[in-house]
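*Asks:* What shape does this take:
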Amino acid sequence: MTYANIRHSLSEWSGASVKGTKEFLFGYVQMRIKLVPDDSAAVVTTYYISSPWESKENDWHDEIDFEFLGNVTGKPYTIHTNIFVNVIGNREEQFRPWFDPTSDYHNYTIFWSPYMVMWSIDGVVFRVFKNIEDQGVPFPKTRAITVYSSIWNADDWACQGGQVKTNWTHQPFIANYLNYEDSVCPWTGTNCIQDCHVWNIWN
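*Replies:* Below is the predicted model of the structure:
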């Protein structure tokens, strides 16, 4: 899949999302993103990798997230990261960017190997989640993953704990995506798990 230049737009009546066509197991994905400027309170822009959702009743998907939680003008964005394994998350960590993510494009990378997940921005690693299954902590490593991006409204929780609601007088809210790249181990079925485990993802 190639992103050349995509604009995600959110209004009071509709959001937007894109799903990749490539399935893979381990590797890295990166995207240049410029987030919604000015009053973006409760607007969530996302970029993540996930296995397919089977159904609400039978959902055992894995997921690794970048979520960008908008704020009122002059207040900082929140970078929200999480990992789901067998639909269970509870591994959230949040960060404040050290730059204005709305004034220019920045490169957001997810690196996923059998040993760890790393999140980085412009080459700066700011979170590492190690595989410590030997201590009883589940780690995603058995399901095919695809890349996604989206923009949506989450004014029940996303801005100051849901205290600040989306100001629809500023719609449409627009996030811009550029230059998606990846280096991944293609998914060919469950028999590829061992091959991907030792595959050099930098080739």
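
*Asks:* Quick check: bridge partners of V18?
*Replies:* Counting by DSSP bridges, V18 is bridged to S149.

*Asks:* any idea how far it lies from G123?
*Replies:* For V18, the distance to G123 equals 24 Å [CB to CB, to the nearest Å]. C-beta here means a position set from N, CA and C on the backbone, and glycine is covered the same way.

*Asks:* more neighbours, the two?
*Replies:* In terms of neighbours (other CB atoms under 10 Å), V18 is the more surrounded of V18 and G123; the figures are 15 against 8.

*Asks:* Please work out how many residues are found near the closest residue to M116 other than its chain neighbours.
*Replies:* The shortest distance from M116 to any non-neighbouring residue, by CB to CB, 6 or more residues apart in numbering, is to K130 (4.8 Å). By other CB under 10 Å, the residues close to K130 number 12.

*Asks:* My understanding was that K130 contacts P114; is that so?
*Replies:* No: counting by CB atoms under 8 Å, K130 does not reach P114; the two are 10.9 Å apart.

*Asks:* so how far is stretch 53-70 from its chain's centroid?
*Replies:* The chain centroid and the centroid of stretch 53-70 are separated by 10 Å under CA atoms, centre = their mean, to the nearest Å.

*Asks:* List the buried residues for the least confident helix or strand in the chain by mean pLDDT?
*Replies:* When the helices and strands of the chain are scored by mean pLDDT, DSSP states H and E, helix 193-198 comes last with a mean of 75. The neighbour-count check on helix 193-198 (16 or more other CB atoms under 10 Å) flags I193, C196 as buried.

*Asks:* And the contacts of that helix?
*Replies:* F24, L25, F26, P114, K141, T142, C185, W187 (CB atoms under 8 Å, 6 or more residues apart in numbering).

*Asks:* Contact partners for the first one?
*Replies:* Residues in contact with F24 (CB under 8 Å, 6+ apart) are A144, I145, T146, D182, V184, C185, P186, W187, C196.

*Asks:* burial count for the closest residue to the second one other than its chain neighbours?
*Replies:* Counting by CB to CB, 6+ apart, I49 is the residue found nearest to I145 once chain neighbours are left out, at 4.7 Å. For I49, the count of nearby residues is 24 (other CB under 10 Å).

*Asks:* I49 bridge partners, please.
*Replies:* I64, V147.

*Asks:* how close does it get to P140?
*Replies:* From I49 to P140 the distance is 9 Å (CB to CB).

*Asks:* for the helix or strand that R127 is a member of, packing partners?
*Replies:* Using DSSP states H and E, R127 maps to strand 124-130. Under the contact definition 3 or more CB pairs under 8 Å, 6 or more residues apart in numbering; DSSP states H and E, strand 124-130 sits against strand 93-95, strand 116-121.

*Asks:* what about that strand, average pLDDT?
*Replies:* Per-residue pLDDT values across strand 124-130 average out to 97.
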